[in-house]
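Peer 1: Predicted model follows, preceded by the sequence.
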Amino acid sequence: MQTIIDFIPLLLALFAYKQYDIYAATIVLMVTLPLVPLWQKLAGKPVSQIHLWSAGLVIIFGTATLVFRDPRFVMMKPTILYLGMALAFAGLKKISGLNLAEKMFSSAFDLAPREWDMLANAWAVFFGCMAVLNFFVASRFSESQWFQFKVWGLTGLTLLFIVVQSIWIASKAQDEAGNE
């Protein structure tokens, strides 16, 4: 259910973009994206920090897009979000000793400390690559091409990464069960 809720703002923005333009899609994102963490709160679920940051950034960059009538602001929002996430996964361990992957996922599965570090590093590299990829597409391709890439490319790559990560985690869980 949460996955469906996560994609509703993106699908509504895609509809607005197809029917109108980037500015309508930006408004739709600015209105609907903050509703995801609100729904999490009202449903008694933990509020995702990624959703909070994403909602905050879309409001900031969306406002700039609308005020200056320049879609480059909203096109750079994923780059900033992904870069921030990469730095969070990579930097928190070095600065505070906190492993963000372990903090986020430890309630779902159990890994050895070295494996938590590997997972955090994988997320850091993934988000770093996504930041670079979004920046590249946003700065080299048309707005329409970027929008299609944002909806289908970045979303697809994220889902693929999660599947690969899940397979890796499952193999580690089997290793742990076999070693007991």
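Peer 2: That came in fine, so what should we check first?

Peer 1: Packing partners of the longest helix along the chain?
Peer 2: Taking DSSP state H as the criterion, the chain has its longest helix at helix 113-140. When contacts are defined as 3 or more C-beta pairs under 8 Å, 6 or more residues apart in numbering; DSSP states H and E, helix 113-140 sits against helix 72-96, helix 100-105, helix 143-148, helix 155-179. Quick note: C-beta positions are derived from backbone N, CA and C, even for glycine.

Peer 1: Tell me which of those sits nearest to Ala43.
Peer 2: Distances from Ala43 to each of these were compared by C-beta to C-beta, and the smallest falls on helix 100-105, at 18.3 Å.

Peer 1: separation between Leu29 and Lys93?
Peer 2: When C-beta to C-beta, to the nearest Å is the yardstick, Leu29 and Lys93 sit 31 Å from each other.

Peer 1: what stretches of this protein score poorly on pLDDT?
Peer 2: Low-confidence segments of the chain, defined by pLDDT under 70: 1-3, 174-180.

Peer 1: Could you tell me how many residues sit around the nearest residue to Gln145 once chain neighbours are set aside?
Peer 2: Leaving aside its sequence neighbours, Gln145 sits nearest to Val137 (C-beta to C-beta, 6 or more residues apart in numbering; 7.1 Å). The local packing of Val137 (other C-beta atoms under 10 Å) involves 21 other residues.

Peer 1: what's the offset of stretch 132-142 from the middle of its chain?
Peer 2: 17 Å (C-alpha atoms, centre = their mean, to the nearest Å).

Peer 1: For it, list every residue counted as buried.
Peer 2: The neighbour-count criterion (16 or more other C-beta atoms under 10 Å) identifies Leu133, Asn134, Phe135, Val137, Ala138 as the buried residues of stretch 132-142.

Peer 1: out of those, which one sits closest to Leu160?
Peer 2: Leu133 (12.9 Å).

Peer 1: Quick check: next helix or strand after the helix or strand hosting Ile27?
Peer 2: Secondary structure assigned from DSSP states H and E places Ile27 in helix 22-32. For helix 22-32, the succeeding helix or strand toward the C-terminus, using DSSP H and E, is helix 35-42.
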